[in-house]
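> Provided below are the primary sequence and the corresponding predicted coordinates.
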Amino acid sequence: MDEDQIHVAVSNDGTKIAGRVQGQGAPIVLVHGGLGDGEVSWFFMLPFLVEHFTCYLMSTRGRGLSGDNADHSRERQFEDVATFVESIGEPVGVFGHSSGAVWALGGVAHSPAHCRALALYEPPFPALEPPMSDEQYARVRAAVTEGRLADAVQITTREIVGLGAEEQALFSAPGVAERAQAALPVVVQELPEMNRPFEAASLQKL
C-alpha cells in the first residue's frame, strides 16, 4: 500500500486513530473486526472498492497504525469512530464488520450528520443471549496470559465467533496468524464489551 496516504485523527482521550487511504470516489470508512486491523482486514475486498470509493482503512485503538490507550471500552471505541469520520470533512459511508460493526453503529450514532450511509456485517449484538459465556472468556484470557496464542485464536474463532473449519483455517495462514495473535491482548480487553446490551435509544439519532 502507498506509505504516503495515511489519514490521522486524535480521539477525545488523545489516542491517535489512523488508517491508510486507497482508491478514488465517494469516501467510505471501513471498521475491521476484533482479530484484524486496517492494514490487513480488507485485502480481498479492496480490489472491488477502490475504483468506486476512497477507502479509509481505519485501525481501532491498539492495532495497525493507530495508537493505544488503557481504556478499550465501547464508549471510547464509539468516540474513535466518530472522531475519525468527522475528521474527513464531508459526509462518508461507514462499513463495520463484527465488533467493528458495533463500534461503527455507536460512532455514527454519536455523529450522524457526518454519515451518509451505514452498513453492518455480522455485528455481535446480544439478542436472546450474550455472544460469549463467562467460561469461554476465562479460557481465552488464560490462554493469552499463558502465551498460548494459537489456542486463544481457536477458542475465539471456533466457539465465540462460530466460524466453520474452512474459515478457521484462514487464521492459521502465514501472515494472518501473526496478525490475529498480535491482536489478542487487545481482544481480551474488548470481548466483555460485546456482552453489554446496546443502548437502543441512541439509534433514534440515526
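Great, that's in hand.
> from residue 149, how far off is the residue nearest to residue 139 when sequence neighbours are not counted?
Take residue 139 and drop its neighbours on the chain: the residue closest to it by CB to CB, 6 or more residues apart in numbering is residue 155, 5.5 Å away. C-beta coordinates here come from the backbone N, C-alpha and C atoms, glycine included. Remark: distance between residue 155 and residue 149 (CB to CB, to the nearest Å) = 11 Å.
> shared neighbours of the two, which are they?
residue 143 (CB atoms under 8 Å, 6 or more residues apart in numbering).
> between the two, which has more neighbouring residues?
residue 155 (21 against 18; other CB atoms under 10 Å).
> for that one, give me its contacts.
136, 139, 140, 143.
> which residues are in contact with the worst-scoring helix or strand of the chain on mean pLDDT?
Lowest mean confidence among the helices and strands of the chain (mean pLDDT, DSSP states H and E): helix 165-170, at a mean of 86. For helix 165-170, contacts defined as CB under 8 Å, 6+ apart pick out 154, 157, 158, 176.
> check what pLDDT the last one gets.
In the prediction, the pLDDT value recorded for residue 176 is 83.
> what's the neighbour count on it?
By other CB under 10 Å, the burial measure for residue 176, its neighbour count, is 18.
> so it sits right up against residue 39, yeah?
No: the criterion here is CB atoms under 8 Å, and residue 176 misses it with residue 39 at 11.7 Å.
> and the gap between the residue nearest to residue 99 when sequence neighbours are not counted and residue 91?
Residue nearest to residue 99 in three dimensions, not counting chain neighbours: residue 34, with 4.4 Å by CB to CB, 6+ apart. Note on residue 34: its distance to residue 91, by CB to CB, is 27 Å.
> determine the longest helix present in this structure.
helix 176-194 (DSSP state H).
> next, the buried residues of that helix.
Across helix 176-194, burial judged by 16 or more other CB atoms under 10 Å covers 176, 179-181, 183-184, 186-194.
> out of those residues, who's nearest residue 23?
The shortest approach to residue 23 among those belongs to residue 179, at 22.0 Å (CB to CB).
> ok, that closest one - contacts?
Per CB under 8 Å, 6+ apart, neighbours of residue 179: 35, 36, 37, 39, 40.
> returning to what we had before: who wins for neighbours among the contacts of helix 165-170?
residue 157 (20 neighbours).
> wait, that residue touches residue 163, no?
Yes: assessed by CB under 8 Å, residue 157 is found in contact with residue 163 at 4.6 Å.
> show me which pair in the buried residues of helix 176-194 is furthest apart.
176 and 192 (24.8 Å).
> count of neighbours near residue 17?
So residue 17, with other CB under 10 Å, has 25 neighbours.
> next one: it from residue 8, what distance?
From residue 17 to residue 8 the distance is 7 Å (CB to CB).
> ramachandran angles for the nearest residue to residue 54 once chain neighbours are set aside?
Leaving aside its sequence neighbours, residue 54 sits nearest to residue 27 (CB to CB, 6+ apart; 4.7 Å). Torsion angles at residue 27 (phi, psi; degrees, to the nearest 10) stand at phi -70, psi 140.
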